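>>> Provide a 3D model corresponding to the input given below.
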Amino acid sequence: MNWFINGEFKDPKAGLLGDSGDKMWFKCWDEISNLSFKIHHQYYQFIGSKKVCKSWWRKLLFSWIIGWTLASVSIFCYMSSLATEKRKETLSSMCDERARMLQDQFNVSMNHIQAMSILISTFHHGKTPSAIDQETFARYTEQTAFERPLTSGVAYAVRVLHSEREQFERQQGWTIKRMYTLEPSRIQEEYAPVIFAQDIVSHVVSLDMLSGKEDRENVLIARRSGKGVLTAPFRLLKTNRLGVILTFAVYKRDLPSNATPNERIQATDGYLGGVFDIESLVEKLLHQLSSKQTILVNVFDTSNQSYPISMYGSNASNDGLEHVSHLNFGDPFRKHEMRCRFKQKPPWPWVAITTSIFILVIALLVGHIFHATVNRIAKVEDDCHKMMELKKQAEAADIAKSQFLATVSHEIRTPMNGVLGMLDMLMDTNLDVTQLDYVRTAQASGKALVALINEVLDQAKIESGKLELEEVQFDLRAVLDDVLSLFSGKSQDKGVELAVYISDRVPEMLIGDPGRFRQIITNLMGNSIKFTEKGHILVTVHLVEEVIDSIEVETEASSKNTLSGFPVADRRQSWKGFRTFGQEEPVHPFSDSINLIVSVEDTGLGIPSEAQPRVFTPFMQVDPSISRTHGGTGIGLSISKCLVGLMNGEIGFVSIPKIGSTFTFTAVFASCSSSSKEYKSQQINSQSNTVSSEFHGMRALVMDPRPVRAKVSRYHIQRLGIHVEVISDWKQGLSIINKGDSAIHMVLIEQEVWDRDLNCSDLFINKLEKIGHGTPPKVLLLSNSVNSSSGNVTTGACDLSIVSKPLRASMLAASLQRAMGIGSKGNPRNGELPSMSLRNLLLGRKILIVDDNNVNLKVAAGALKKYGADVVSATRGSEAIDLLTPPHQFDACFMDIQMPEMDGFEATRRIRDMEHNINNRIQFGELSVDAYNNVSNWHVPILAMTADVIQATHEQCQRCGMDGYVSKPFEAEQLYREVLRFFQ
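Next up is the predicted model:
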């Protein structure tokens, strides 16, 4: 029998290599790799660049190709055979599974039919009258049909002798008929008419089973053997479909189990048959596997081996593979088998094809590579030599570029040092107003040129990757105070309010590069000053985790919550793309690194939308007219972005035309340990600490209705150790003062509040003077006007002290000292340290200046003599060695680096060697301490003095034994910072 199965079946291992194939492939690939490596190694080891005979190489290459071609064919055949065997195993497994299912189901149905024969013998023949009729039989067989899934119908034929026929027909009410013709049955010894039948085959009732040849033989064999007997396949009545009948004989109940065939014949009562519609029932049975099958099934009756009878299926396809599974349906006289084939032809063995082709291609590529290597190895060696030469030239060019930068820096800044120094000395002479204006203009132009040179050199260092950062301890608040001093004059001239606010959570001291950090802030604030004509410029510094945890510290777009009342661009948009804020894990608050976020907010012109993408592009301006109107080269922001990157930070901005811009950047610094460099930091900040101690414990009121501006004022006042309370109007201030819970020492009033209602202002002053308890608080006016910097304003009977903005520690302390009548009365100029501080340090000190340029000598000597130093000049390094040979009376030496004959590095190195030798000899008693002015450890402070701004120069100064670094021209702040380390 044959049947057709629809659907598809996928075996994940069918047609593939399997474990053995994978192992074979990896082993093969290892062999290829090892062989290729060995050939190349042996060639390079023994042949090298020698000329190889072309005929020998061609034979070797030809043998290589032929060998791997044969290997690829062998691999293809081997893998194809593996795939075929796997296909055979799959077909065998699938066919045996179907044969077993069909056989099991058939045996179940056969057992149920045999059990039904016992039931008929018991309840029909064993009882009088019979307990079974047609209706009962039909209902019972219909309800139990599920137990016989392969049967199409069940019928029972009773054995009737010829002598009993007439009585039987009278009892049944119908005539016994012949099969096929349905005519009355002919006269014969016995009959087997069907008396009970399942409804589906009820048309066979009254038919004589002995009238058909196949059925007669089946019945006779069944009653003689006592077993179920199958007929050969035949066409069923009505359906005309191929089917078989399984027949069981029904015996009398007293038949012994070991009865002879004749005894069985005599004891036969009837015959129970089950009809099997092979084509439909087998399809129904196997349909449950149809969704996963790709094979064709045939079922054959092979009782006659010469002429097997097809019971199911067809020969529509044949791919050459066939598997036969034997079927046992319980009939010893008939044989059946199932033959299975794949429905489709076997697929191309693509794995075998691609693998063999891939191996062949790899082998050909290896041969080609080796062939190319042999032909090109000499050329590669030549190219290698050329590359080495080019490498040396590139290294020489890089060294030359660095030297060129240092030389250009020195050669340009050296004459500029002379120009600026002379101008500074000229300003100390008696000049009229016009002359002083000319000198200041020339000095400003010279400083602008030096700044331009520094920017161009920074850009060159950035492009060459030579820009490095320092790791020193610094005070962040002091750095921002210095930047405020730099721009305070311009902001006052424009009437723009300038302010800095640093969160209390930011540490006092950090470790990093203060100079580069100052450069970033200076670039950003410089741009804001250029393009802001009204409103304010606000610099804020927070910890990154502080902003993440508490977003309310950020400025909102509302004009009521800004420094000057003008609307600003929302700074939160400026850090929108920062990776720091996109991290899943927040910044750890106990980490050794300090991650700062700095914002510079202004109310300037803003940046047009079309120009914003090129803001950080070097030498690019928003408009060509910008450089003519406001000046600048357009590389400040580019340098700032690179510096921020070196600090492991990010920079971004948001800008709205006619509203303003906000630039924000992050920078990572190291936390300051309590041991390293602490002494130096304390010395630098000792003055501010002394000033702060004078105000410690005082209480102040700040009257300002604007929260942001009041917050900035409180920050700066609290830095002096003063407890600050913010109030918004006059009544609240008088209420706090009248309570008298604790003394209020000063009241700082924003000038905007004072000018808004002068009557209320006078009334407030009068009530303060009439307070009955204690001393009335001192009233100070916070003013941003350049006209208010003179000191006092008279209103009624009261003189108000003026505190000019921008607020910073030194200026605020000086103003409060003057107003409160405590401490120093000095009021240093913006951005300068008191001249008395340097004078106190340098007065009477003997200092040696070494420089080959007479102008620089004159400038440096003049700058130091201005502070009371006793200066001695030298023009050569050898002369400096002679002057600094112990014993000597010099307190310090300022030495130029680039000098003819002997540069400053070599001179310093020899001086240190000489000092080290003398110190050792004194220590071991070879020399007398008395002969060397009772000094047992000679070490004169030597400060490098050069116009070179390359970071590598600074490092070289440290290596040769110099103690510090002063760039030309001298700046009072830097000079003070360096000499403070040695002169106490």
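
>>> model confidence over stretch 649-668, on average?
Rounded to a whole number, the mean pLDDT of stretch 649-668 is 93.

>>> next one: stretch 230-247
79.

>>> Endpoints of that stretch, how far apart?
The first residue of stretch 230-247 is 7 Å away from its last residue (C-alpha to C-alpha, to the nearest Å).

>>> in it, what counts as buried?
Leu230, Thr231, Pro233, Leu236, Leu242, Gly243, Val244, Ile245, Leu246, Thr247 (16 or more other C-beta atoms under 10 Å). No exception for glycine: its C-beta is placed from N, CA and C like everyone else's.

>>> same thing with stretch 271-289?
Residues of stretch 271-289 classed as buried: 271-283, 285-286, 289 (neighbour count, 16+ other C-beta under 10 Å).

>>> Now for Gly330, how many residues are close by?
Gly330: 16 surrounding residues under other C-beta atoms under 10 Å.

>>> Which ones among the buried residues of stretch 230-247 map onto helices?
Using DSSP state H, no member of these falls within helices.

>>> Dump these into a markdown table; add distance to Met311 as well.
Compiled in a markdown table, those are given as follows (distance: C-beta to C-beta, whole Å):
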| residue | distance to Met311 |
| --- | --- |
| Leu230 | 10 |
| Thr231 | 11 |
| Pro233 | 5 |
| Leu236 | 13 |
| Leu242 | 7 |
| Gly243 | 9 |
| Val244 | 8 |
| Ile245 | 13 |
| Leu246 | 13 |
| Thr247 | 17 |
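
>>> Spatially, which two of those residues are the most separated?
Maximum pairwise distance in those, criterion C-beta to C-beta, is 17.6 Å, between Leu242 and Thr247.

>>> Report the helix of the chain that spans the greatest number of residues.
helix 350-427.

>>> helices or strands next to that one in the packing?
Judged by 3 or more C-beta pairs under 8 Å, 6 or more residues apart in numbering; DSSP states H and E, the packing partners of helix 350-427 are helix 18-42, helix 54-120, helix 433-464, helix 854-865.

>>> by how many degrees do it and helix 54-120 diverge?
Helix 350-427 runs at 120 degrees relative to helix 54-120, counting by axes from the mean of the first three to the mean of the last three C-alpha atoms, to 10 degrees.

>>> about what we covered before: which of the buried residues of stretch 230-247 sits closest to Ile195?
Thr247 (15.3 Å).

>>> contacting residues for that closest one?
Asp215, Asn218, Val219, Ala222, Gly228, Val229, Leu230, Thr231, Tyr271, Leu272, Gly273, Gly274 (C-beta atoms under 8 Å, 6 or more residues apart in numbering).

>>> so the fifth one touches Asp331, yeah?
If I follow you right, that is Gly228. Yes: with contact defined as C-beta atoms under 8 Å, Gly228 reaches Asp331; the gap is 6.3 Å.

>>> what residues do the two have in common as contacts?
Counting by C-beta under 8 Å, 6+ apart, the residues touching both Gly228 and Asp331 are Leu246.

>>> now Phe890, what's its secondary structure?
Using DSSP: H, G, I helix; E, B strand; the rest coil, the structure places Phe890 in coil.

>>> From Gly844, how far out is it?
Phe890 is 13 Å from Gly844, where distance means C-beta to C-beta, to the nearest Å.

>>> Kindly report the same for Ser225.
Relative to Gly844, and taking C-beta to C-beta, Ser225 is found at 143 Å.

>>> quick one: which of these two has more around it?
A direct count of neighbours by other C-beta under 10 Å for Ser225 and Gly844 places Ser225 higher, at 15 against 8.

>>> and the more buried one, backbone torsions?
Backbone geometry at Ser225, expressed as degrees, to the nearest 10, gives phi -90, psi -20.

>>> so what's it up against?
Pro261, Arg264, Pro332.

>>> circling back to that earlier point, could you list which of the contacts of Thr247 belong to helices?
Using DSSP H, those in helices are Asp215, Asn218, Val219, Ala222.

>>> returning to what we had before: for Ser574, state which of the buried residues of stretch 271-289 is nearest.
Leu289 (67.6 Å).

>>> Touching, Thr231 and Leu242? I think so.
No: look at Thr231 against Leu242 with C-beta under 8 Å: they stay out of range, at 11.4 Å.

>>> In the protein, which strand is the longest?
The single longest strand within the chain, with elements called by DSSP state E, is strand 660-671.

>>> mind listing what that one pairs with, with the direction of each?
If you go by DSSP bridges, strand 660-671 pairs up with strand 509-512 (antiparallel), strand 593-602 (antiparallel), strand 651-656 (antiparallel).

>>> deepest of those, which one?
Among the strands paired with strand 660-671, strand 593-602 has the highest mean neighbour count (mean count of other C-beta atoms under 10 Å), at a mean of 23.

>>> Work out the gap between it and the centre of the chain.
Offset of strand 593-602 from its chain centre (C-alpha atoms, centre = their mean, to the nearest Å): 23 Å.

>>> Where does pLDDT dip in the stretch 301-450 of the chain?
Applying pLDDT under 70 to the stretch 301-450 of the chain flags residues 315-319, 378, 402-403, 405-406, 409-410.

>>> Just name whatever secondary elements the helix or strand containing Val194 is in contact with.
Val194 belongs to strand 194-197 when assigned by DSSP states H and E. For strand 194-197, the packing partners by 3+ C-beta pairs under 8 Å, 6+ apart come out as helix 134-143, strand 153-158.

>>> Could you check how far the closest residue to Arg253 other than its chain neighbours is from Arg139?
Leaving aside its sequence neighbours, Arg253 sits nearest to Gly126 (C-beta to C-beta, 6 or more residues apart in numbering; 5.6 Å). Using C-beta to C-beta, Gly126 is found at 20 Å from Arg139.

>>> quick one on the thing from earlier: output the contacts of Thr247 in CSV; the columns should cover distance to Gln103.
Formatted as CSV, the contacts of Thr247 follow (distance: C-beta to C-beta, whole Å):
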residue, distance to Gln103
Asp215, 24
Asn218, 20
Val219, 25
Ala222, 20
Gly228, 14
Val229, 17
Leu230, 13
Thr231, 18
Tyr271, 24
Leu272, 21
Gly273, 20
Gly274, 16
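
>>> Closest one to Val361 out of the residues you listed, please.
Closest to Val361 out of these is Leu230 (60.6 Å), distances taken as C-beta to C-beta.

>>> Spit out the contact partners of the closest one.
If you count contacts by C-beta under 8 Å, 6+ apart, Leu230 has them with Asn218, Val244, Ile245, Leu246, Thr247, Phe329, Asp331, Arg334.
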